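Structure for this input, please:
(one chain, ligands or ions: 2)
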Amino acid sequence: MPILECLLQRRLIVVTGKGGVGKSAMTSVLGRSLARRGRRALVLEVDPRENLHQLLGVAPSGGAIVEVAPNFYLQNLKPRHVVDWVVDKQVKIKMIAKRVINSPIYHRFVEGAPGLTEIAILGHALRLARGELPDAPDIDVVILDAPATGHGVYLLTAPKLFAAAIGKGPFADLASEVADYVADPVASGLVVVTQAEEMPVQEALELRRVLAERFGRDPELLIANGLYPVAPDRGDDELTALWRRRYQLNVDQLERLDRQWAGPRINLPLLPIDSGAELVAALCDRFDTALEAL
Ligand SMILES: Nc1ncnc2c1ncn2[C@@H]1O[C@H](COP(=O)(O)OP(=O)(O)OP(=O)(O)O)[C@@H](O)[C@H]1O
Ligand SMILES: [Mg+2]
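Ligands and ions are numbered 1, 2, ... in the order given. Okay, the predicted model is just below:
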């Protein structure tokens with residue numbers, strides 16, 4: 001099936017890659033692209049630094065769902081709020097729920113329990129996509145701006161480990177529901193972002209290997225972002241030499257990806273535009289053209 005159709009089917013798309021390669025920019029581009037095609041898309045950020053709103057040219061979400069454009073939404077999520085919500089739902093007497101949530105032992109549990117944050121993030125995405133959140137708009141697809149590579153793998157594998165380790169209870173139930181969801185190749189997909197430089201490419205290849213091993217899945221799409229334009233032929237100054245060198249590094253790493261990465265890839269240039277909505281719009285046009293050509 002063409003990659004465009006695959007992406008249009010998904011209810012959850014997780015975007016990951018090495019730190020700083022353009023994950024947040026590509027999450028914004030994907031959200032915008034899918035919304036333009038009529039999918040009701042929500043980009044979900046869990047980074048407390050909150051920068052997706054800046055890339056999309058809207059006010060900070062501060063935890064709320066913000067409308068970016070028709071069919072297009074943004075939310076910055078505090079995973080802790082989701083965990084509190086599960087407790088609140090389980091404990092029927094509000095006063096007791098409040099006491100639990102405010103107790104030091106509960107705080108230690110939430111901070112220390114491995115995988116709980118990941119389950120909270122994915123559980124929230126699942127409920128959004130299923131229309132189970134009372135005040136949320138109707139959403140067809142959630143695009144998650146996931147943490148950098150190592151954590152991205154953990155995000156996807158934690159629910160299964162958690163469900164197996166805990167066995168029973170509300171968090172274990174949520175964990176196994178989420179584990180099934182992320183293992184379903186129709187419901188969810190993974191997009192890896194890299195720059196065509198040695199270390200990010202190394203990490204992208206490693207991520208692919210680990211995912212296949214632990215998860216039995218391949219990423220849907222690879223985006224090679226921030227590619228240098230061809231350097232001018234003439235000129236022997238240092239700047240032109242540096243430019244040629246960077247360009248050649250990109251060429252070498254793209255060749256490496258040609259050999260080692262099986263599956264669709266989209267190349268996007270480094271644009272001379274400041275971070276913000278104008279950059280995302282320009283990248284989105286290029287992304288759409290490349291996506292349709294795949
Ligand atoms: N193709 C591009 N052309 C120009 N600037 C870009 C491009 N892609 C990303 N940027 C800029 O590069 C910077 C890093 O991008 P971004 O914040 O998306 O990376 P990230 O992978 O999310 O980083 P982090 O790991 O810190 O979350 C941002 O200022 C962004 O606007
Ligand atoms: Mg980011």
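
From now on I want contacts and neighbour counts done on CA atoms only, so please keep to that.
Fine.

Which residue is the nearest non-sequential neighbour of residue 201?
The shortest distance from residue 201 to any non-neighbouring residue, by C-alpha to C-alpha, 6 or more residues apart in numbering, is to residue 194 (6.2 Å).

does the one you found count as helix, strand or coil?
Look at residue 194: counting by DSSP: H, G, I helix; E, B strand; the rest coil, its state is strand.

right, and it touches residue 200 too?
Yes: Residue 194 is in contact with residue 200 according to C-alpha atoms under 8 Å; the separation is 5.5 Å.

Look at those two and report which has more neighbours.
The neighbour count for residue 194 versus residue 200, taken as other C-alpha atoms under 10 Å, is higher for residue 194 (27 against 21).

Tell me the bridge partners for the more buried one.
residue 224 (DSSP bridges).

so what's it up against?
17-18, 21-22, 200-201, 204, 222-225 (C-alpha atoms under 8 Å, 6 or more residues apart in numbering).

For ChimeraX, what selects the buried ones among these?
Applying 16 or more other C-alpha atoms under 10 Å to the contacts of residue 194, the buried members can be selected in ChimeraX as follows:
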select :17,18,21,22,200,201,204,222,223,224,225
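
can you list the residues of the stretch 1-150 of the chain near ligand 1?
With C-alpha under 6 Å from any ligand atom as the criterion, the stretch 1-150 of the chain meets ligand 1 at residues 19-25, 148.

Give me the buried entries from these.
Applying 16+ other C-alpha under 10 Å to those flags 21-25, 148 as buried.

Quick check: neighbours shared by residue 194 and residue 200?
With contacts defined as C-alpha under 8 Å, 6+ apart, the residues adjacent to both residue 194 and residue 200 are 17-18, 21.

what would those look like in JSON lines with secondary structure and pLDDT?
Shown next, in JSON lines, are these (DSSP: H, G, I helix; E, B strand; the rest coil; pLDDT from 0 to 100):
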{"residue": "17", "secondary structure": "strand", "pLDDT": "93"}
{"residue": "18", "secondary structure": "coil", "pLDDT": "93"}
{"residue": "21", "secondary structure": "coil", "pLDDT": "97"}
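
I'd like to know which of those is nearest to residue 164.
Nearest to residue 164 among the shared contacts of residue 194 and residue 200, counting by C-alpha to C-alpha, is residue 17 at 27.1 Å.

circling back: and the two most separated of the residues of the stretch 1-150 of the chain next to ligand 1?
Across those, no pair lies farther apart than 25 and 148, at 13.5 Å, counting by C-alpha to C-alpha.

Cool, thanks, signing off.
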